[in-house]
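> Fold the following, please.
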Amino acid sequence: MQATNSDFLRTIKSNSVLSGFIFLSALALGILAAYLVVNGAWHLALVALLALPAVVILHRYPWVGLIAWLLLEPFLLQTPTAAERQMYWVVHRAVPPLTVGILVVGSALQISRRRLPRLGLPELAMAGYLVTSLISIWTASDRPMAMSFLLYDRVFIPMCLYLIVRFTIQDGKSARRLLPVAVFLALSQSIIGILSWYLPHWLPAAWLTQVGSRTIGSLVNPSVYTTTLTFSSLLVLHAGLTSKSVSFRRIAILTFCLAGYSVFISFSRASWIGGIIVLVGLLFLYPRFILKTSLIVTAVIVLFGGWLLADQVQWAQARLSSVESERSALSRLPVYYASYRMFQSKPFLGWGYGNFDRFDRRYQERVAGLAIDDKDHASHNVYLTIIAEQGLIGLGLFLTPVIWLFVLSVRAFSGMPKNGFWSRKLLVILWLVIFSHIAVNNFSNMRVVYGLAMWWITLGLIASLIAAHPKPKPIQGVTPASGTIQRTRL
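Below is the predicted model of the structure:
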């Protein structure tokens, strides 16, 4: 149960240490803001002045930290000015750990009545992966400080977002807070992606780096773009199909169709594979909807595809069957083989976090008679990269949360409601998101923080859903249907 505002105020008044801390913090932040204004850093001064109210808001409504990150981060991934870069530091590097800290400290000091869920093996493996990655950096990297910042951005912050989900989303009501965010993400990124093809002059130049060949929205990379659309559109579609509101159901279906079209015009073959996995899953989950929608989409393509989508269909065919496409796909084989050979050389600890590009060239050889060109190809597989850089230990720790949560999902599935938003259908939807991630990760090395966060946020939702619907344990003389179900420990 969440504390009320009056509860929070009474806690402050009755706790002299807390009152003193708030007073001294306000005084220090005021002095800091004055210093920053004098030195011309007015935007940082504004951040300093808002810091204490932000802490109070995050204490009362910690899910605001997650929503703020999801809404603002897509437009801060590229920061050409110093002010935008500093805003990125606040939103990305400060808000998630601050929110987790407030939740943990508030619970430990009993400032809040909010009960945090018990954590288990997935979170222990996550902590292990973070620690081993940090050790790997400081023992094997030639740039330990720079790589530590990358680890902070790419691993620690997404894991903080996972914890925010685990701590704040524990039932259907709290999960529904994400729906407006999901609608905004799916529609905004779909519109940006479509505009990049038809009206590119309406968009900032930073969003047009791959115009004419790929679609990235404002998310830097087509893989990040499509996994974000998959997460947001599937969440909205499931909510719409389980809603009694006809208007929202129509909005959800429109959102899903726009996102599906945007995934197609990403022209990422890995994303197409992920999209096919999603459609097959939805065919079993919502067969009538998928069959009806497929007929409508087919009719639209037949009627308008000849002139409206002609260029895109032609480019899609080239992406699948052209000589350049084949060469692009085959050029990855020597890099894949280099990953395997690097793993063979150091199977347990690997070559060090972030060191793949540093050592892969020396392990590349001909594969199936393919010549090795002079281009230093990037890794195109998350899992091969991890096993080359961090060995079996790193890969095992990274995959333990998803494997264990899948096992728990199978166990808990029968105890979940069959229909409704907070049900077994949502669990399937979330696993479709993860499976699409896995498909993309096998052909792309996900490095953009938003895509990495989508993975951990989805796993956090799966963990919360499982914890809310554990498999009932039969007790002698009591049927599972009539027995009391306790929250499970993951």
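> mind checking how far the nearest residue to residue 141 once chain neighbours are set aside is from residue 338?
Excluding the flanking residues, the one nearest residue 141 by C-beta to C-beta, 6 or more residues apart in numbering is residue 147, at 4.7 Å. Heads up, the C-betas are built off the backbone N, CA and C, glycines and all. Separation of residue 147 from residue 338 (C-beta to C-beta, to the nearest Å): 20 Å.
> And these two? Which one has more around it.
The neighbour comparison of residue 147 against residue 338 (other C-beta atoms under 10 Å) goes to residue 338, with 24 against 21.
> Show the contacting residues for that one.
Residue 338 sits next to 360-361, 363-365, 388 when contact means C-beta atoms under 8 Å, 6 or more residues apart in numbering.
> Not counting its neighbours along the chain, what's nearest residue 206?
Per C-beta to C-beta, 6+ apart, closest to residue 206 is residue 78, 4.4 Å.
> Could you give the number of residues near the one you found?
Residue 78, neighbours per other C-beta under 10 Å, totals 16.
> change the start of the numbering to 54 and stick with it
From this message on, residue numbering opens at 54, which makes the last subject residue 131.
> isn't it right next to residue 273, touching?
Yes - with contact defined as C-beta atoms under 8 Å, residue 131 reaches residue 273; the gap is 6.6 Å.
> one step back: from residue 470, how far off is the residue nearest to residue 259?
Residue 131 is 42 Å from residue 470, by C-beta to C-beta.
> What of residue 479?
10 Å.
> Now do the same for residue 164: helix, strand or coil?
What DSSP: H, G, I helix; E, B strand; the rest coil gives for residue 164 is coil.
> so where's the stretch 404-543 of the chain shaky on pLDDT?
Within the stretch 404-543 of the chain, the segments meeting pLDDT under 70 span 421-431, 524-543.
> what about the strands in it?
Under the criterion DSSP state E, counting those that start in this stretch, the stretch 404-543 of the chain carries no strands.
> and residue 406, how many residues sit next to it?
Based on other C-beta under 10 Å, the number of other residues close to residue 406 is 27.
> I'd assumed residue 196 was in contact with it.
No - under the criterion of C-beta under 8 Å, residue 406 makes no contact with residue 196, lying 11.1 Å away.
> Show me which helix runs longest in the chain.
helix 435-465 (DSSP state H).
> On the three-state scheme, the residue nearest to residue 259 is what?
Quick answer, by three-state DSSP: residue 131 is coil.
> Setting aside sequence neighbours, what's the nearest residue to residue 385?
Nearest residue to residue 385, sequence neighbours excluded (C-beta to C-beta, 6+ apart): residue 433, at 4.9 Å.
> close enough to count as contact, that neighbour and residue 498?
Yes - in this structure residue 433 lies within contact range of residue 498 using C-beta under 8 Å: 6.0 Å.
> For the longest helix of the chain, what is the distance to the chain centroid?
16 Å (C-alpha atoms, centre = their mean, to the nearest Å).
> how much space between the residue nearest to residue 194 and residue 411?
Residue 200 is 11 Å from residue 411, by C-beta to C-beta.
> do residue 157 as well
For residue 157, the distance to residue 411 equals 36 Å [C-beta to C-beta].
> Over to residue 419?
Taking C-beta to C-beta as the measure, residue 419 falls 22 Å from residue 411.
> And these two? Which one has more around it.
residue 411 (15 against 11).
> contacting residues around that one?
195, 404 are the contacts of residue 411 under C-beta under 8 Å, 6+ apart.
> Check the secondary structure at the residue nearest to residue 497 when sequence neighbours are not counted for me.
Closest residue to residue 497 apart from its sequence neighbours, by C-beta to C-beta, 6+ apart: residue 276 at 4.3 Å. At residue 276 the chain is in helix, as set by three-state DSSP.
> How many residues are close by residue 276?
Neighbour tally, residue 276, other C-beta under 10 Å: 28.
> any idea how far residue 135 is from it?
Computed as C-beta to C-beta, the residue 276 to residue 135 distance reads 29 Å.
> same deal with residue 284?
31 Å.
> So for these two, which sits in the more crowded spot?
Counted by other C-beta under 10 Å, residue 284 and residue 135 do not tie: residue 284 has more neighbours, with 29 against 10.
> That one contacts residue 486, correct?
Yes - between residue 284 and residue 486 there is a contact under C-beta under 8 Å: 5.0 Å.
> list residues touching both of those two?
In contact with both residue 284 and residue 486: 507, 511, using C-beta under 8 Å, 6+ apart.
> the helices in the stretch 404-543 of the chain, which residues?
409-412, 435-465, 477-494, 502-521 (DSSP state H, counting those that start in this stretch).
> Can you pull out the low-pLDDT segments for the stretch 54-203 of the chain?
54-105.
> swap the cut-off to 80 and go again
Scanning the stretch 54-203 of the chain for pLDDT under 80 picks out 54-109, 135-136, 162-167.
> which residues of it fall in helices?
For the stretch 54-203 of the chain, the helices defined by DSSP H, counting those that start in this stretch occupy 58-67, 69-91, 95-113, 116-125, 135-141, 148-161, 174-193, 197-204.
> any idea how far residue 506 lies from residue 137?
Distance from residue 506 to residue 137, by C-beta to C-beta: 19 Å.
> Comparing those two, which shows the higher neighbour count?
Using other C-beta under 10 Å as the criterion, residue 506 and residue 137 rank with residue 506 on top: 26 against 14.
> quick one: contacts for the residue nearest to that one when sequence neighbours are not counted?
Distances taken as C-beta to C-beta, 6+ apart put residue 211 closest to residue 506, at 4.2 Å, once the chain neighbours are dropped. Residue 211 is in contact with 502, 505-506, 508-510, counting by C-beta under 8 Å, 6+ apart.
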